[in-house]
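# Return atomic coordinates for the entry below.
(2 chains, ligands or ions: 2)
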Amino acid sequence: MKAVVVRGIQQFEVADVPMPEPAAGEVLIRVGYCGICGSDMEAYHTGMYAPGLIVGHEFAGVIAQVGPDVADWRPGDRVVVNDAVPCGECRPCRDGRLDACESLYMIGVTHDGAMAEYCVAPVRGLHRLPDGVGLRRGALVEPLSVALHGVHRSRLKPGDRALVMGAGPIGLLTLQCALVAGARMVAVTEVDPTRAALAQKLGAAVVLDPTRDNVVVNLSALTDGQGPDVIYVCTGAPQPYRDAISLVRKGGQIFVLGLCVEPVEADFMSVAMGDLCIEGSLAGRAQFAAAIDFVAQGRVDVESLITHEIALDDAVEKGFKLLDTPNSGAVKVLVRIGGELTADR
Amino acid sequence: MKLASLEYLEEVKKRSNADPQYLELAKGNNESYTLVLEPEPAQGVHERIVIGFNNVDGKMNEVWIGERPTLFTLSAPYGVWVDILRGKMGATKAITMRKLKTQGPFLQLLQGANRIIRWVEILTTIPTEFEGNYAQYNLPGK
Ligand SMILES: [Zn+2]
Ligand SMILES: [Zn+2]
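Ligands and ions are numbered 1, 2, ... in the order given. Here you go, the predicted structure:
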C-alpha cells in the first residue's frame, strides 16, 4: 500500500510499504481523509519523528478488518481515532491522570499513522462517527478535540475575554471553542491575511497584525485597560510566548496549545508579580467524544478551515511543501485517500 | 503644557536633543516606544492617551499621538506616570516593579536605565499640566 514515510529532516516520501495487520485489540482501518498537522510540519523541519514512521494522526476512515478478540467493532464501521491512547498501566494512568501517561500510544507519532491507504489502531482509541458527519469533516475531529480540551482545561469562564495568538487550525478552532464556552469576546493575533480573514469570519472580535498594529494598545482598549483573562498561544513562533506574559491581565492565565520547538526567553518576574498561571496541554483525548458532537451539531465550523484537498500521491509536493511556503493561503490541507468511502448522509 | 499633548512631546524632543548628558547616554539608540496612559475615571482622567516616539542614533526623531507598532510599549494608569514625573517613584523602579507594564525585550530596556533616568529628569523641567485630580501636582517647570 501507499503511505507517507519519514526518511529524514525535510525528507518525507510517498512510498510503497507492506499492509499492516491488526493484532489482538486492534482494527485495520481504510483511511478516507487525513489532515496535515502543525506538529507534522514541526517534525518535517526538526526530524522529531523517527525515520521509517508513517505520519498522520488527524483522520477518519472505515474499519476494514478486526483483529483477534475484538468484539464491539465490525468491518464497515465509520470511525475516528483518538491519537493519544493512554497505556493504562503506568503510574500516572493508575492514578487516573491519563493525560500525563508516560507511554502514550500516539498514532502517527510513536506508531505508524494514517497518511496511508490503511492503518491499524487500538480499539481503545476508536470513536464511532455519526451518520451526519462525513469522513472529510471527521478528519478534523482530532484537532478540534485538542482545542476543546485546551479551552476546557483553561480557566476561561462565561463572560471572560480571551486572546488567541496564531490563527492556524488550532487557533481557529480554539477561537470557536472559547466562544462556545461563553467568552464575551475573543481577539486574535495573526500575520497571514488568509488566516486573519478566516478568524474574522469565525467570530473574532478583532484580528490584530503585530507587524501593523500595536497589540498592547488595542487589547487595552478592548479590555478596559486590563488585558485578556486568558491567552491561548497557538503558534510555533517564539515571540508570542514572550508577549503573552505582558499582555494577559493580572491574575490571568496563559494557556499553551502551540508547539514552539526552540526555547523561549521570557520575563518570569512578571509571572510572579502578575500572579499568572501558565499551563499547557497536548492532546484532546478527554474531549474527543464532545468534539464529534460539536461537529455533528454544527456548533463549530471545521469545514471553513479546509483550504486544500490533495491526493495521497501529492501529499509531500503539494501538502508539506505548500504549508512550508509563507503566505500560501493554506490553513488545513487534507489528504484525500479513500475519500468518503460510503455515502455522506 | 498638557502632559502627552503634541506640544508637550515636541518640547520633550527639543529639550532631550539639546541635552549633552542625555545624548551621551543615548548614543547609538534606535529604539521605538509607545507609552500608554490608562484612564482613571475615579480621578477624573477619562481618556486613554497613547503616544509614541522613536530614536535615531540616540536623538529623539519623530514623536506622535496614537497607535503604531513599536519595539517597546509601556503602559500604566495615568497616576503612575504622574508619580514618576513628580519624583515619587523612580522610572526604573516602576519598570522593575512592573508598575509600568512592559511589552518588548525587557533586558534591553533595563540596560538603558541611565538614559531613561536622565530622560525623566529632563521631562520634569517642562511646565506640565495634569488631568483631573492630578492637576494639584502640576509641574512649574524650570
Ligand atoms: Zn495534530
Ligand atoms: Zn500510562
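# CA only for contacts and neighbour counts going forward, please
Noted.
# All the helices of chain A, residue numbers only.
In chain A, the segments counted as helices under DSSP state H are A:38-46, A:91-94, A:135-138, A:141-153, A:169-180, A:193-201, A:215-222, A:239-247, A:268-273, A:288-296, A:321-323.
# per-domain residue ranges of chain A.
For chain A, the structural domains run A:2-140+A:302-336, A:145-280, going by automatic domain parsing.
# For ligand 2, which of the helices of chain A is the nearest?
When the helices of chain A are compared by Cα to the ion, helix A:91-94 sits nearest ligand 2, at 4.4 Å.
# Now do that closest one: which elements does it pack against?
With contacts defined as 3 or more Cα pairs under 8 Å, 6 or more residues apart in numbering or on different chains; DSSP states H and E, helix A:91-94 has no helix or strand neighbours.
# Next to chain B, which bits of the stretch 201-345 of chain A? Give me the list.
A:210-217, A:221, A:225, A:243, A:246-247, A:267, A:270, A:273 (Cα under 8 Å from any Cα of the partner chain).
# and with 6 Å instead?
A:R212, A:D213, A:N214, A:S246 (Cα under 6 Å from any Cα of the partner chain).
# For PyMOL, write the selection for the buried entries among these.
Buried residues within these, by 16 or more other Cα atoms under 10 Å in any protein chain shown, are selected in PyMOL with:
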select buried, chain A and resi 213+214+246
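# got a markdown table for the residues of the stretch 201-345 of chain A next to chain B, with pLDDT and distance to A:R184 too?
What follows is these, written out as a markdown table (pLDDT from 0 to 100; distance: Cα to Cα, whole Å):
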| residue | pLDDT | distance to A:R184 |
| --- | --- | --- |
| A:R212 | 95 | 25 |
| A:D213 | 96 | 22 |
| A:N214 | 96 | 22 |
| A:S246 | 91 | 21 |
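# wait, which of the residues of the stretch 201-345 of chain A next to chain B is closest to chain B?
A:N214 (4.3 Å; Cα to the nearest Cα).
# Identify the residue nearest that closest one in space, chain neighbours excluded?
Ranked by Cα to Cα, 6 or more residues apart in numbering or on different chains and with sequence neighbours excluded, the top spatial neighbour of A:N214 is B:P69, at 4.3 Å.
# State whether the one you found is indeed within a strand.
No: with DSSP: H, G, I helix; E, B strand; the rest coil as the criterion, B:P69 is coil rather than part of a strand.
# ok, it to ligand 2 distance?
B:P69 sits at a distance of 46 Å from ligand 2 (criterion: Cα to the ion, to the nearest Å).
# same deal with A:F255?
Relative to ligand 2, A:F255 is positioned 24 Å away (Cα to the ion).
# Model confidence for A:C101, exactly?
On the pLDDT scale, A:C101 is placed at 89.
# Contacts only, for it.
A:P86, A:P92, A:C93 (Cα atoms under 6 Å, 6 or more residues apart in numbering or on different chains).
# Give me the residue ranges of chain A where confidence is low.
Applying pLDDT under 70 to chain A flags residues A:342-345.
# Just want the most central residue of it.
A:P143 (2.9 Å; Cα atoms, centre = their mean).
# What are the buried residues along stretch A:298-307?
For stretch A:298-307, the neighbour count (16+ other Cα under 10 Å) marks A:V300, A:D301, A:V302, A:L305, A:I306 as buried.
# How about stretch A:316-334?
Neighbour counts over stretch A:316-334 (16+ other Cα under 10 Å) mark A:V316, A:K318, A:G319, A:F320, A:L322, A:L323, A:A330, A:V331, A:K332, A:V333, A:L334 as buried.
# give me phi/psi at A:A237?
phi -80, psi 140 (degrees, to the nearest 10).
# Near the residue nearest to it when sequence neighbours are not counted, how many other residues are there?
In space, and not counting its chain neighbours, A:A237 is closest to A:C260: 6.0 Å by Cα to Cα, 6+ apart. Burial measure for A:C260: 18 neighbouring residues, criterion other Cα atoms under 10 Å in any protein chain shown.
# Perfect, that will be all.
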